Structure formats: structure tokens, C-alpha cells
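K.L.:
Test case, fold it:
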Amino acid sequence: MIHEVDEALRRLVKQALHQTEADIAFEAPTKDWAARRNAPTVNLYLYDIREDLRRRQRGLLNEYGPDKRVTARHAPPRHIKLSYLITAWTQRPEDEHRLLSDLLLRTLAEEAVPAELLTGSLAELGLPVAMTVALPPPEDRSFADVWTALGGELKPSLDVVISAPVDAGRRYVAGPPARRGVRAKVGSDVPVEHEVGEAAEPGGRRRVSMRRSRAPRP
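P.N.:
Residues are numbered from 1 along each chain as shown. Next comes the predicted model:
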């Protein structure tokens with residue numbers, strides 16, 4: 001799933017840059033990596049992975065067959081938040097700011113990753129892949145901490161968070177539909193048949209009745 005989000009973001013960045021020639025990288029933007037860079041580059045660094053608890057659902061979802069009967073039940077998908085630190089690397093700060101501006105305008109125009117950019121399991125699920133950009137970081141994390149961990153200097157960046165649905169993988173096949181009526185045997189040789197029926201009462205309510213009949217002896 002993560003590699004599918006990577007590919008969707010790669011396509012989105014290419015759309016945003018239009019005719020601008022720039023490489024797209026996913027490596028950690030450390031000092032060593034920056035020293036090896038020799039062309040304009042947009043870096044998409046995945047720095048955090050955690051579940052989006054606000055989107056968690058409980059219970060099971062029904063699956064229906066051609067006859068409209070429940071054939072199986074499955075757990076709802078879980079949503080995983082993937083946080084990317086997006087930076088632009090060129091020879092001049094002005095060019096970096098222009099690239100970041102193009103990326104900001106393109107991502108702000110979407111509340112979810114465009115469906116035509118999705119591949120693999122993300123496309124098969126057919127669910128929205130939510131996307132936010134430039135929101136304040138959570139209280140337990142700051143971008144300065146990220147740069148400190150990378151061993152580099154603080155640099156202008158965009159924080160893009162993708163909430164991607166993931167199939168939980170739990171599926172339960174439903175049993176055959178219940179049949180109305182019960183046939184039992186009382187004693188050793190006298191079968192007794194119980195039939196369950198419904199009758200309408202005034203006010204639209206239903207009354208369930210059971211009829212007991214003794215089957216004839218052979």
C-alpha cells in the first residue's frame with residue numbers, strides 16, 4: 001500500500017511541475033544526500049506512519065450475492081496516515097520557492113488523491129484517499145525534530161498527509177439462510193411437526209404463533 005501511495009504522489013508532483021525538469025526522490029534528505037544532488041529535485045520523505053483513529057469503524061460489513069442474500073461479512077477497512085515531508089532542492093532559493101508554490105497550489109486543489117492516479121489495492125478498494133497539506137504538526141511532533149533527526153538544517157517544506165484505506169483482511173463466510181419451521185420427534189415413534197407462522201395485528205404489529213400437529217402413525 002505504501003508503494004502505491006508513493007506512486008500516486010509521484011504522478012501528482014509531475015502534474016504540478018508542468019514543464020519543469022526536476023527529479024523526484026524518496027530518500028531521506030540528509031547532508032550526504034544533498035551533497036550528491038546535481039539536478040533540481042523534489043524530495044518526498046516519508047517520516048511518519050500511524051493509524052488514523054478518527055476513521056476507524058466497528059462491526060462487520062455485509063457482502064451480498066446475486067440473489068440479494070448475505071454471502072459473507074468482512075471487517076471495515078482501516079485507514080493509515082502517511083506523513084510526507086516535501087522539499088525542493090535547486091541552486092537558488094527562489095527556484096525552490098517557485099517549485100514549492102506549484103506543489104502547494106496543486107495539492108490544495110484536492111481533498112483526496114485523484115482517483116485516476118491510484119493503482120493496485122487503492123484503486124481496487126474504490127474508496128477516497130484523503131489528503132491534507134500544510135496543517136500544523138501534532139503536539140507530540142515538530143518539523144524541527146525531524147530535521148534534527150536527519151542531521152540537516154531546517155529547510156522550507158510542505159507537510160502532506162495521506163490517509164490511505166487498507167483491507168483489514170478479516171472475512172467470514174455466512175452460513176445458509178435459516179429455514180422456517182422445525183420438525184422434531186417426541187417419544188420413540190410419534191413424530192411431531194412444529195410450524196412457525198406470522199399474523200398481522202391491528203396497528204401494523206406482527207404476532208408470531210406456533211402450531212403443533214401430531215403426524216399420523218405409519
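K.L.:
tell me which element Trp147 falls in.
P.N.:
Using DSSP states H and E, Trp147 sits in helix 143-150.
K.L.:
Can you tell me what sits against the helix or strand just after that helix?
P.N.:
Where DSSP H and E defines the elements, the next helix or strand beyond helix 143-150 is strand 158-166. By Cβ atoms under 8 Å, 6 or more residues apart in numbering, the list of residues contacting strand 158-166 from outside reads 1, 4-5, 9, 44, 52, 55, 77-87, 100, 103-104, 107, 113, 121-122, 125, 127, 129-135, 137, 143. Where C-beta positions appear, they are placed from N, C-alpha and C, glycine not excepted.
K.L.:
So which of these are in helices?
P.N.:
4-5, 9, 100, 103-104, 107, 121-122, 125, 143 (DSSP state H).
K.L.:
Mind checking which of the residues you listed are buried?
P.N.:
The neighbour-count criterion (16 or more other Cβ atoms under 10 Å) marks 4-5, 9, 100, 103-104, 107, 122, 125 among the ones in helices among the contacts of strand 158-166 as buried.
K.L.:
Most widely separated two among those residues?
P.N.:
Farthest apart among those by Cβ to Cβ are Leu100 and Leu125. That separation is 31.0 Å.
K.L.:
What would stretch 2-19 look like as CSV? C-alpha coordinates only.
P.N.:
The C-alpha coordinates for stretch 2-19 follow below in CSV (Å, rounded to 0.1, in the frame of the first residue of the first chain):
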residue,chain,number,x,y,z
ILE,A,2,2.8,2.5,0.9
HIS,A,3,4.5,2.0,-2.5
GLU,A,4,1.1,2.7,-4.2
VAL,A,5,0.8,6.0,-2.3
ASP,A,6,4.4,6.8,-3.4
GLU,A,7,3.5,6.2,-7.0
ALA,A,8,0.3,8.4,-6.7
LEU,A,9,2.3,11.2,-5.2
ARG,A,10,5.0,10.9,-7.9
ARG,A,11,2.3,11.4,-10.5
LEU,A,12,0.7,14.3,-8.6
VAL,A,13,4.1,16.1,-8.4
LYS,A,14,4.7,15.6,-12.1
GLN,A,15,1.3,17.2,-12.8
ALA,A,16,2.1,20.1,-10.5
LEU,A,17,5.5,20.9,-12.1
HIS,A,18,4.2,21.0,-15.6
GLN,A,19,7.2,21.6,-17.9
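K.L.:
hang on, the earlier thing: go through the helix holding Trp147 and flag the buried ones.
P.N.:
146-147, 150.
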